[in-house]
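Chemist: Next input, structure requested:
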Amino acid sequence: MKKDTSSIPYSSYQKFVILIIALTQFSVVLDFMVMSPLGDMMMKSMNLTPSQFGLAVSAYAISAGLSGLLTAGFADRFDRKKLYLFFYLGFIAGTFLCGMVHTYPQLIAARIFTGLFGGVIGSIAMAIITDLFDLHHRGRVMGFIQMGFGASQVLGIPISLYIANHWGWQMPFMMVGALGIVIAVLILSKMKPVSHHLSLQTDKNAFLHLWHTVAKRKYRIAFLTTALLSIGGFMMMPFGSAFAINNLKLTNEQLPMLFMVSGIASLVIMPLIGKVSDKIDKFRVFTIATTWMCIMVVIYTNLGPSALWLVILLNVLMMSGVMARIIPSSALVSAVPAMADRGAFMSINASLQQIAGGIAAAFAGIIVVQPDKSSPLQHYNTLGYIIVAISVLSMYMLFRVSAMEKDALKEQKL
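Modeler: Residues are numbered from 1 along each chain as shown. The predicted structure follows:
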């Protein structure tokens, strides 16, 4: 009979690693996520069209993706802690730059710089998690790490909106930068080196290591799966606040409540989904969550002017599906690479995630139209239908990833 190892408690150091990575993810996610609630404010203050704002969002994502590809070959050749700290410090600098801009070209340049560093952080964090926690614990770990997403909505976004309403949309970026300095000090002083993978390296050349990683068929299947998941996630996000204000007729003062309640729901749901995905089949959890998300996306994107309570309820139900599919899919994909390839694999995986998301955001900016500053967004529901189609395809791809992992486990037992 299979022993249940998912309930074994973490050591105090493992708890610290989970906390510090969750805090890091909180700051990186907040820097990206805050673009959506500030979207309507930024579009009006800079006189931007939806396509220009979509490009500002995609500039971060595409630069992050390119950065990840360029660094993938080197990701397994350094202590992961040092690599983590280096890129996080670059991210902090970029976030401060975002808080200093006043023109659209400056904004694009600052977002590109931030993306060059911020886009690699998540992949290094995933490599650290995969090195320190076995697959049976990884669902719970992913659940806690992904709480950074919910926390950014509960605490970060409402506070950011309050600050932006009083001191301008640039100030939330300064707040994230200040928080990042505190987190960087904790990483430097408390985190231990993560270097066991260095003894397993066989490729002397970084680019050869990159090529060997890309050349593996099962890795390519995982990469395509991640890209599809990312396309669906990025399409709606950039125009969330603009849709809420111009189509659903919420006010700027009501937006913090919308994001806060959705974030609280995420904080409750994420750990529960993490535990469930460790105890039952991860692909089954993903399938249920994706089906639920598709239903709610179609309903939400077709809404007209609505009461705040209804918008909050539907947003929570939709985000529950979005969040619930991230954890099992991340855990399954993280199990694909061998330890010697994890840094390169995670970098490429995160790069494709960012690039696919950046293309999706730019594409969404082309589809969505706003004739003038105060008119409703047009064709937002078209994004919903596209997301449903991509989500169905992503279920098939993750099924292939899940099947590969089951076959690998059978071979280990023989």
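
Chemist: so where's the stretch 151-300 of the chain uncertain?
Modeler: For the stretch 151-300 of the chain, residues meeting the criterion pLDDT under 70 lie at 151-156, 196-210, 233.

Chemist: Helices along that one, start to end?
Modeler: Secondary structure of the stretch 151-300 of the chain (DSSP state H, counting those that start in this stretch): helices at 157-167, 171-190, 206-215, 217-236, 240-246, 255-279, 282-301.

Chemist: what do you get for the stretch 301-414 of the chain?
Modeler: For the stretch 301-414 of the chain, the helices defined by DSSP H, counting those that start in this stretch cover 308-334, 342-367, 380-413.

Chemist: so who does Met296 touch?
Modeler: Contacts for Met296 (Cβ atoms under 8 Å, 6 or more residues apart in numbering) come out as Leu314, Leu317, Met318, Gly321. Just so you know, the C-beta spots here come from the backbone N, C-alpha and C atoms, and that holds for glycine as well.

Chemist: Distance of the nearest residue to the third one once chain neighbours are set aside relative to Val316?
Modeler: Sequence neighbours aside, Met296 is the residue nearest to Met318 in space, at 3.7 Å (criterion: Cβ to Cβ, 6 or more residues apart in numbering). Taking Cβ to Cβ, to the nearest Å as the criterion, Met296 is separated from Val316 by 9 Å.

Chemist: Kindly report the same for Gly115.
Modeler: 29 Å.

Chemist: Between those two, which has more neighbouring residues?
Modeler: Set Gly115 next to Val316 and count neighbours by other Cβ atoms under 10 Å: Gly115 wins out with 27 against 18.

Chemist: and Met236, how many neighbours does it have?
Modeler: Other residues within reach of Met236, judged by other Cβ under 10 Å, total 24.

Chemist: Give me the nearest residue to it, chain neighbours excluded.
Modeler: Using Cβ to Cβ, 6+ apart, the closest residue to Met236 is Leu383 (5.7 Å).

Chemist: ok, now how distant is the one you found from Pro238?
Modeler: For Leu383, the distance to Pro238 equals 10 Å [Cβ to Cβ].

Chemist: shared neighbours, the two?
Modeler: Both Leu383 and Pro238 are contacted by Ala364, under the criterion Cβ under 8 Å, 6+ apart.

Chemist: Show me which of these two is the more surrounded one.
Modeler: Pro238 (26 against 22).

Chemist: The closest residue to that one other than its chain neighbours and Leu303: what is the separation?
Modeler: Using Cβ to Cβ, 6+ apart and skipping the chain neighbours, the partner closest in space to Pro238 is Val57 (4.4 Å). Distance, Val57 to Leu303, by Cβ to Cβ: 22 Å.

Chemist: Compare neighbour counts for these two and give me the winner.
Modeler: Val57 (25 against 17).
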